[in-house]
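*Asks:* Here is my input, please return the structure:
(4 chains)
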There are 4 protein chains.
Amino acid sequence: LIVKTGVVGVSGYTGQRLVELLKGHPVMDLCYLFSTSFSGHYTDVNPSAYACSYPLVGPFSVEQCAELDVVFLAVPHTKAMPLVSKLHQQCPTLKIIDLSADFRLKDADTYESYYKEPHTAYSSLSASVYGLPEVYKDTIKAATLLANPGCYATAMILGLWPLKGRLSSNTPVVIDAKSGVSGAGKGLKQSSLFCEVHDSLSAYATGEHRHMAELVQETGFSNVMFSPHLVPMHAGIEAAIYIQDVAITQAQLTALFNEAYADAPFVHVLDPSTEPNTRLVTHTNNCVIIPKKKGDWVVIFSLIDNLVKGASGQAIQNANIMFGLDESTGLT
Amino acid sequence: LIVKTGVVGVSGYTGQRLVELLKGHPVMDLCYLFSTSFSGHYTDVNPSAYACSYPLVGPFSVEQCAELDVVFLAVPHTKAMPLVSKLHQQCPTLKIIDLSADFRLKDADTYESYYKEPHTAYSSLSASVYGLPEVYKDTIKAATLLANPGCYATAMILGLWPLKGRLSSNTPVVIDAKSGVSGAGKGLKQSSLFCEVHDSLSAYATGEHRHMAELVQETGFSNVMFSPHLVPMHAGIEAAIYIQDVAITQAQLTALFNEAYADAPFVHVLDPSTEPNTRLVTHTNNCVIIPKKKGDWVVIFSLIDNLVKGASGQAIQNANIMFGLDESTGLT
Amino acid sequence: LIVKTGVVGVSGYTGQRLVELLKGHPVMDLCYLFSTSFSGHYTDVNPSAYACSYPLVGPFSVEQCAELDVVFLAVPHTKAMPLVSKLHQQCPTLKIIDLSADFRLKDADTYESYYKEPHTAYSSLSASVYGLPEVYKDTIKAATLLANPGCYATAMILGLWPLKGRLSSNTPVVIDAKSGVSGAGKGLKQSSLFCEVHDSLSAYATGEHRHMAELVQETGFSNVMFSPHLVPMHAGIEAAIYIQDVAITQAQLTALFNEAYADAPFVHVLDPSTEPNTRLVTHTNNCVIIPKKKGDWVVIFSLIDNLVKGASGQAIQNANIMFGLDESTGLT
Amino acid sequence: LIVKTGVVGVSGYTGQRLVELLKGHPVMDLCYLFSTSFSGHYTDVNPSAYACSYPLVGPFSVEQCAELDVVFLAVPHTKAMPLVSKLHQQCPTLKIIDLSADFRLKDADTYESYYKEPHTAYSSLSASVYGLPEVYKDTIKAATLLANPGCYATAMILGLWPLKGRLSSNTPVVIDAKSGVSGAGKGLKQSSLFCEVHDSLSAYATGEHRHMAELVQETGFSNVMFSPHLVPMHAGIEAAIYIQDVAITQAQLTALFNEAYADAPFVHVLDPSTEPNTRLVTHTNNCVIIPKKKGDWVVIFSLIDNLVKGASGQAIQNANIMFGLDESTGLT
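*Replies:* Numbering: from 1, shown residues only, chains lettered A, B, ... in the order given. As a prediction, this is how the structure comes out:
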């Protein structure tokens, strides 16, 4: 089996990691690299790619996409909607994996209220599948438009999912999350400059971050204070989830998580004595979850690499499922 | 006025910052530098001190302390107790400022349960004053033994103090705190190595950290989940405090904090639109507090430099008060 | 004495450090802050300035400059030329300290060949004084237009100056220099993004860097390979200077440097056993020089903080001299 | 083919990287993990290894080594000598790959003068092969005791080798090298603490570093000033090599290097316009060489990852050759 593969948006950090992972994938064959901002040799946009050969990078082409089995969209939000509309019309058998936020929220009004932009691809929205393989594996198998989850959303939803039925949906939940700087992308923003980020920690978008909408949609928990932070490190997310007054023992809590993820090859529920550290997951597609009972409180640490399980790795995991491959193909 | 000053423990990060700050202080005169691990030229233990001259570093001497007006103890916990016992006996007029944890907790049993060591200086314990100037300025004026607060404790207590009377003491409070690595000291521990800390974030002592005891003692809040983290930066603490279901408006919240700290020169209550960033306080003795109302939640960000307001700067602020100086002398 | 002071370009890293240093200066009085890219409250462009009050930031105004005693130009190269031309015409008594590169090179053709831009202020060029106080103190006293040296140039020239007469001008000299990222400024360039710089080291402009022209002009050494590097740190420069086959002993070498800088309060010649470390100088206006004889080789390490001695601190040192103050006023 | 493999010293950074690389190797089978400082589950010494299963870690055992085909010694210098002596006596068919410095220098006196320790395994010394595959591939095939080169030595020798016959051995050569902190190992030294290294750059061992001895032995260049630096990054080495007055064009220089490494899969000679950056090689077994002609000077940048091509990756490359495998097996 050869899966003819294209990537749109190869110059960003997500696109680069995607190309790197696909290059080592035994089944996916990188046929076309597209970029809106750059044309030419791939090494000119990613000098670290000198050791292998890659297709030339060119402008997006529906005609070329029509030759492919799957295309990954590693573009900013709002940029995927027009691409998907075109591809849906002209390439009916093409599978699309969208790493942007454009098809994650089922309700276009919610999209518009969080992203302050109109949704221009309603008709495709209903066809999209939220690509969290640990939860929706069966639906993903049949998807033709897959919405790859947000990085924070992945960490938070995996950390809360096993408690979904067990707690009332209005339970107060604090999620204090910390991310490496690659989550902000390669765009030229002052807040992403080395001298702004280095040797400091900052909070941002307290109670207002867009990934909150995915959390609510997927888990139903509606009384959540989600508070993200920027940490001077390249990659990695820790979501620390705090819930008060839960009647459960450590053993029950551990069992609950172990059962929920018994069949998930990339989710590792570790012993409560393990020190939560982003180093446990960086450069891997793993999600490490450490659920702890401390007095009256439940504290759950959920750890991922934002560029891998939080973006490009999960996209490939989804693609594997969509093409009937083992979900870890090319990811270990 | 000249205040004859000594420092015990000049080789650690706290001691070094203390010596540096005292060197620039217009009234405090550095007479003796003591260390248990090192004797000789101060530049041999702190090469950055080449531009000024300092007293030689020697072993601790009660006789030399007897010549002083004030001594700062920048030693690890348990090491201050025997020093204080000796000094209290033999130097009755000497003022002591202890930066260790040994005299912060009024209840020796609490000390023993948190620090796993017997308290061996009960008699001095009752004389100690908890040195948080924004709260205890009048008591500090008369103190002869001052217990300088812990770094996390300073950030947390200043962030919660204005809410003390307003909320029930069993209100659930989540405090997710993040600290730079200098908080772990200069001791040779694997967890403090560059290659262990760099490019990663970790949680530790979740629900078990010792500074929790100071928070309970000073604020009475007993249903707190305090969860500290280590961040790859030199210095800086952010304590993010989350409280649910508080009936207060943003304006009332802001007013409450502004009033509480109207006379505190180092506490700056900033507008809720300010992005919390440790860079706002590093290298200063300031505590920046950003109280936010977000929906049903109150979120308070409290920021300090762990080595300055969280240790050496606050010690000097306390000394200033104890010697009748303006509390900001030598600190701006 | 009050020196009425203005700063043009307060939003960059150099401008910010300048404003911060001037705020604490006992004689310089900050009257006007100018910026071409920003108008409004200074804290909006530098949130860390919340603890003091500052003049509002407004657009550059010759009329306001006419009220001043001195103006500092912290603008990019080519932007200082038109400002200086205007100011020279309309504010004859105003002293100008230019932190850009526009008036450092005496020869306009050399300027044009290094900066690829025409020099548009020839007439002012001849009046400018190269502001390296350790070398040109007497000339600086009488200057009305001062060209503040480049950061690398400062480190390199101070490290080579004592050897100037002693070695032939065509002696092969290797200078491998390393700089913190603030040297690249606050401009939005991909190469200044955290994720590009963090956890890596890069070389750039090998044998082609513009500060080379200052080195040649000032020292006469013409056979120099100057090779700069970018290091993942905020500030600090180390210039490692290598010269082969020099007939000199360590004692002679040390003496040569000690004599050259006997009257220079900010240059510290340290013992050859000292480990060269940028930490020795960061946040100070010092230049630390460690000259070593190793076998047949002379190796000189010259260390500065690029934002202080390499820019804003040196500018104030120059201003102090120009106004008859002690040259270290406001700098210690 | 299955190669039964053991590793001595699994708790250090080199040992960990070795275990990680061997775990993914298709032919090498990890049978025994030895450590002198630790016994128990491998995840207790390396928590990031949770996703796979490993043999228990136990004390070094000659009996167990006798069951193996190859053993890697990832121990500090002086610790390999007694191990090799024992293994040579009791396990005659075992191949030994020593990552310490103990068998790199052919001359025991040179070893003793650089390492200040007597060499206690003379008899084995003569049997050892210096394991730089790009130079000694044929000899390595037959080796039973392989001395894996030092990290700096690897970068320097590969950067100078093509010039070996072309320049006189007393040509003055400056090598200013910069390394990530993992090169200092996991030992508890103050100089390896985060707060000592972070946000600063330092030089050390100027003209005195031990890897100099390997350079002289292998290339014959004897008039070299080798000056290493510590950079606040995890891994990566850049050796910048400066040679004056070489009569060669850029085209000739490029050709010289391309020819020398035509058959070396891990050495990549890149175009002189490429910006030298450690990111080009980190996490790979590659050595990137960028030879530049600048005026009269030849400047060669040689880049490796100190833990991979500078240690564990090169050890596996050597093992591959020794067991008749493709030299890149398990390394891409």
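
*Asks:* Check whether the helix or strand harbouring A:Val298 comes near chain B.
*Replies:* Take DSSP states H and E as the rule and A:Val298 turns out to sit in strand A:297-304. Yes: Strand A:297-304 reaches chain B (Cβ under 8 Å from any Cβ of the partner chain) through A:297, A:299, A:301. Every C-beta, even on glycine, is put in place using the N, C-alpha and C of the backbone.

*Asks:* With adjacent residues omitted, what lies nearest to the second one?
*Replies:* It refers to A:Val299. A:Lys292 (4.6 Å; Cβ to Cβ, 6 or more residues apart in numbering or on different chains).

*Asks:* same question, the first one
*Replies:* The spatial neighbour of A:Trp297 that comes closest, neighbours along the chain excluded (Cβ to Cβ, 6+ apart), is B:Met225 at 4.7 Å.

*Asks:* residues in contact with the one you found?
*Replies:* For B:Met225, the contact set (Cβ atoms under 8 Å, 6 or more residues apart in numbering or on different chains) comprises A:242, A:244, A:294, A:297, A:299, B:172-175, B:207.

*Asks:* The helix or strand harbouring it vs strand A:297-304, what angle?
*Replies:* Using DSSP H and E, B:Met225 sits in strand B:224-230. Calculated by axes from the mean of the first three to the mean of the last three Cα atoms, to 10 degrees, strand B:224-230 forms an angle of 30 degrees with strand A:297-304.

*Asks:* Stretch A:19-27: which residues count as buried?
*Replies:* A:19, A:21-23, A:25, A:27 (16 or more other Cβ atoms under 10 Å in any protein chain shown).

*Asks:* Skipping adjacent residues, who's closest to the residue of the stretch 151-300 of chain A at minimum distance from chain C in space?
*Replies:* Per Cβ to the nearest Cβ, A:Leu188 is where the stretch 151-300 of chain A lies closest to chain C, at 4.0 Å. In space, and not counting its chain neighbours, A:Leu188 is closest to C:Leu188: 4.0 Å by Cβ to Cβ, 6+ apart.

*Asks:* pretty sure the one you found contacts A:Gly187?
*Replies:* No: in this structure, C:Leu188 is not within contact of A:Gly187 by Cβ atoms under 8 Å, at 9.2 Å.

*Asks:* now the residue in the stretch 1-150 of chain A that chain B sits nearest to: how far from A:Arg210?
*Replies:* Residue nearest to chain B within the stretch 1-150 of chain A (Cβ to the nearest Cβ): A:Ser113, separated by 14.4 Å. Computed as Cβ to Cβ, to the nearest Å, the A:Ser113 to A:Arg210 distance reads 10 Å.

*Asks:* Looking at the two, which one has more neighbours?
*Replies:* Applying other Cβ atoms under 10 Å in any protein chain shown to A:Ser113 and A:Arg210 shows that A:Arg210 carries more neighbours, namely 19 against 12.

*Asks:* Model confidence score at the residue lying closest to that one once chain neighbours are set aside, please.
*Replies:* Once flanking residues are discounted, A:Arg210 sits nearest to A:Tyr114: 4.7 Å by Cβ to Cβ, 6+ apart. We have a pLDDT of 94 for A:Tyr114.

*Asks:* Same check on A:Asp245?
*Replies:* So, for A:Asp245, pLDDT stands at 86.

*Asks:* ok, it - how many residues close by?
*Replies:* Using other Cβ under 10 Å, A:Asp245 is surrounded by 11 other residues.

*Asks:* Surely it touches A:Val173?
*Replies:* No: the criterion here is Cβ under 8 Å, and A:Asp245 misses it with A:Val173 at 11.8 Å.

*Asks:* distance of A:Tyr242 from A:Ile175?
*Replies:* A:Tyr242 is 8 Å from A:Ile175, by Cβ to Cβ.

*Asks:* Please, which helix or strand holds the closest residue to A:Ala153 other than its chain neighbours?
*Replies:* Leaving out its chain neighbours, the residue that sits closest to A:Ala153 by Cβ to Cβ, 6+ apart is A:Glu214, at 3.8 Å. Using DSSP H and E, A:Glu214 maps to helix A:211-219.

*Asks:* where does A:His268 fall, helix, sheet strand or coil?
*Replies:* Of the three states, A:His268 takes strand under DSSP: H, G, I helix; E, B strand; the rest coil.

*Asks:* Next, the contact list for it, please.
*Replies:* A:286-289, D:50-51.

*Asks:* hey, what's it bridged with?
*Replies:* A:Val288 (DSSP bridges).

*Asks:* How many neighbouring residues does A:Tyr50 have?
*Replies:* Counted with other Cβ under 10 Å, A:Tyr50 comes out at 17.

*Asks:* Just confirm it contacts D:Leu280, I think it does.
*Replies:* Yes: shown here, A:Tyr50 and D:Leu280 form a contact pair, counting by Cβ under 8 Å, at 7.0 Å.

*Asks:* Identify the contacts common to those two.
*Replies:* Joint contacts of A:Tyr50 and D:Leu280 (Cβ under 8 Å, 6+ apart) are D:270, D:288.

*Asks:* what does chain A put close to chain C?
*Replies:* So far as Cβ under 8 Å from any Cβ goes, chain A lies against chain C at A:13, A:181-182, A:186, A:188-190, A:192-199, A:232-234.

*Asks:* ok so, going back, from the middle of its chain, how far away would the strand holding B:Met225 be?
*Replies:* Distance, stretch centre to chain centre, for strand B:224-230: 17 Å (Cα atoms, centre = their mean, to the nearest Å).

*Asks:* Alpha carbons of it, as PDB, please.
*Replies:* Extracted as PDB, the C-alpha positions of strand B:224-230 are listed here (Å, rounded to 0.1, in the frame of the first residue of the first chain):
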ATOM      1  CA  VAL B 224      -6.200  25.100  49.400                       C
ATOM      2  CA  MET B 225      -4.600  23.000  46.700                       C
ATOM      3  CA  PHE B 226      -1.100  24.500  46.300                       C
ATOM      4  CA  SER B 227       0.700  23.000  43.300                       C
ATOM      5  CA  PRO B 228       4.200  24.400  42.600                       C
ATOM      6  CA  HIS B 229       6.100  24.100  39.300                       C
ATOM      7  CA  LEU B 230       9.700  24.500  38.200                       C
END
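
*Asks:* Does chain B have contacts with stretch A:270-278?
*Replies:* Yes: counting by Cβ under 8 Å from any Cβ, chain B has neighbours in stretch A:270-278: A:275-278.

*Asks:* give me the number of residues near the residue in the stretch 101-250 of chain A that chain D sits nearest to?
*Replies:* Per Cβ to the nearest Cβ, A:Asp199 is where the stretch 101-250 of chain A lies closest to chain D, at 5.8 Å. Counted with other Cβ under 10 Å, residues neighbouring A:Asp199 total 21.

*Asks:* Stretch A:230-242 close to chain B?
*Replies:* Yes: interface with chain B: stretch A:230-242 contributes A:231-234, A:236, A:238, A:240, A:242 (Cβ under 8 Å from any Cβ).

*Asks:* list the contacts for the residue of chain A positioned farthest from its centre?
*Replies:* In chain A, counting by Cα atoms, centre = their mean, A:Gly295 sits farthest out from the average C-alpha position, at 32.8 Å. Counting by Cβ under 8 Å, 6+ apart, A:Gly295 makes contact with B:Gly207.
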